[in-house]
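>>> Generate coordinates for the sequence data below:
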Amino acid sequence: MTIPQTLTPKFSGNATDLEEFKKLADSPMRSNDRETALHDWEAYKLKRQLQAYNLSTGSKKGAWTKGGYIRALTARAINLKSIYYSNLCIGYADFRGANFDDALFDAEDGRGWISMKGCRLQGASFRNAVLQNARMMETDCRGADFSGAKLQNADFSNANLQGANFFDADLSGSNLTNANLVNANLQGANICGCRVYGVSAWDITPPANAKLSRDLIVTPGDQPEVSVDSIEIAQLVYLFLNNAKIKSVIDTITKKGVLILGRFTAERKEVLDALRTELRNRGYLPMLFDFEKPAGRDLTETVSTLAHLAKFVIADITDAKSIPQELKAIVPALPSLPVQPIILDKQFEYSMFIDFAGFFSVLPPYRYKDTATLLAALQDSIIQPTINKATEIEERRKLFEQSMKS
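Predicted coordinates for the structure are as follows:
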């Protein structure tokens with residue numbers, strides 16, 4: 001793509017930096033001249049960065065402070081702001097800390113791509129730069145700033161993008177296969193159509209607008225394409241598709257998981273612990289969540305997540321405190337999940353419990369005298385009624401589906 005002269009940016013960086021950069025970029029690829037140019041560029045860059053580091057720290061010329069050499073390697077000394085260069089093809093060069101803001105790299109003569117494969121770009125800045133169809137494989141872009149950059153159809157496969165800033169960048173159609181995006185900022189970025197197989201996406205800031213993360217391809221290039229609309233769940237979806245053990249575990253939880261809710265005072269917790277032990281002895285997977293302990297996430301979110309994994313719920317509404325909120329989060333949202341309330345026979349249901357009478361999934365409360373009688377009646381009065389209720393719910397669903405077809 002040839003850029004008209006009127007649209008090319010006006011260079012506003014350092015003229016000597018540009019001259020030295022062009023010596024490297026213009027040197028023939030895969031030649032002794034290129035190796036020499038790489039060596040000369042790194043020597044020039046280090047000299048410039050040493051000067052910038054000493055100037056910023058007040059150090060004596062030529063003297064390194066402790067750790068100064070490492071910090072100097074990413075110092076903002078090389079200024080190539082608004083550079084325009086066609087057919088860039090530089091591999092494994094050192095551009096750490098360089099300023100490429102507003103740069104325009106285009107490809108002419110039908111090549112269709114530019115390349116910075118394997119380059120060290122840690123702490124470099126590409127704000128509002130144009131790097132469409134760029135080959136950025138295996139680059140080290142830790143802490144680099146790509147905010148506002150045009151990166152459509154770029155190839156960042158196997159790149160280290162940890163802590164990189166892609167705020168408002170356009171990455172649509174790019175290849176992020178096996179890229180490290182830990183702590184990367186994707187807020188406002190367009191990542192639609194990206195390949196995200198093998199991506200490490202811990203603690204990223206995802207695009208706030210769901211429309212900017214559609215059609216993410218989670219499968220590798222040699223497999224049929226499967227796409228999702230969230231980079232945060234892409235890895236999980238692929239594991240479900242291809243890991244039989246994980247699928248088996250999830251299937252086991254949904255068939256045998258039992259969510260137990262109730263008060264966690266000493267007296268009430270004794271009952272809940274006894275229920276958990278007896279359910280475990282009967283082959284179930286009890287999930288007991290203490291809502292009265294400090295939690296790092298929203299309680300409604302947590303109880304909803306656990307409920308989605310459960311086969312049925314046992315809710316001890318004795319001395320109810322948080323139970324009303326917990327059931328309010330579960331029952332309306334999961335109408336096919338049987339809920340069996342239990343209550344000590346000396347007590348009455350809390351006043352708002354009557355609101356659940358209209359929900360088919362909620363069974364009548366089972367009243368128990370003490371822990372021993374509760375456990376003795378567990379199979380016949382609690383487990384079996386929830387199984388029967390689940391069957392009734394499924395039959396109602398099938399009848400409804402049949403009525404829609406007729």
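>>> Which residues lie in contact with the residue most central in space within the chain in this structure?
Nearest to the mean C-alpha position of the chain, by CA atoms, centre = their mean, lies residue 232 at 2.9 Å. Shown in contact with residue 232 (CB atoms under 8 Å, 6 or more residues apart in numbering): 201, 204, 206. From N, CA and C alone the C-beta is placed, and that goes for glycine too.
>>> Closest one to residue 329 out of those residues, please.
Distance to residue 329 across the contacts of residue 232 (CB to CB) is lowest for residue 206, with 24.3 Å.
>>> Tell me how many other residues surround that closest one.
Residues contacting residue 206 under the criterion other CB atoms under 10 Å number 19.
>>> Would you map the helices across the stretch 51-200 of the chain?
68-72 (DSSP state H, counting those that start in this stretch).
>>> what helix or strand does the residue nearest to the centre of the chain sit in?
If you go by DSSP states H and E, residue 232 is part of helix 231-242.
>>> how much space between the closest residue to residue 219 other than its chain neighbours and residue 19?
Sequence neighbours aside, residue 226 is the residue nearest to residue 219 in space, at 4.9 Å (criterion: CB to CB, 6 or more residues apart in numbering). The gap separating residue 226 from residue 19 is 49 Å, by CB to CB, to the nearest Å.
>>> Who has more neighbours out of these two?
residue 226 (15 against 10).
>>> residues in contact with the residue nearest to residue 219?
217, 218, 219, 237, 238, 241.
>>> shouldn't the fifth one be in contact with residue 218?
Yes. Residue 238 lies in contact with residue 218 (CB atoms under 8 Å); the separation is 4.4 Å.
>>> any idea how far residue 177 is from the residue nearest to residue 219?
In terms of CB to CB, residue 226 sits 14 Å off from residue 177.
>>> Could you do residue 317 as well?
51 Å.
>>> between those two, who's got more neighbours?
Between residue 317 and residue 177, residue 317 has the larger neighbour count (other CB under 10 Å), namely 23 against 20.
>>> In this structure the more buried one contacts residue 348, no?
No. With contact defined as CB under 8 Å, residue 317 does not reach residue 348; the gap is 9.8 Å.
>>> Residue 218: what's it in contact with?
Taking CB under 8 Å, 6+ apart, we find residue 218 in contact with 196, 197, 226, 227, 228, 234, 235, 237, 238, 241.
>>> cool, and residue 111?
So residue 111 contacts residue 87 (CB under 8 Å, 6+ apart).
>>> per-residue pLDDT, it?
Listed pLDDT for residue 111 reads 74.
>>> Against residue 385, how distant is it?
71 Å.
>>> and what of residue 18?
Taking CB to CB, one finds residue 18 at 79 Å from residue 385.
>>> Near residue 238, how many other residues are there?
21.
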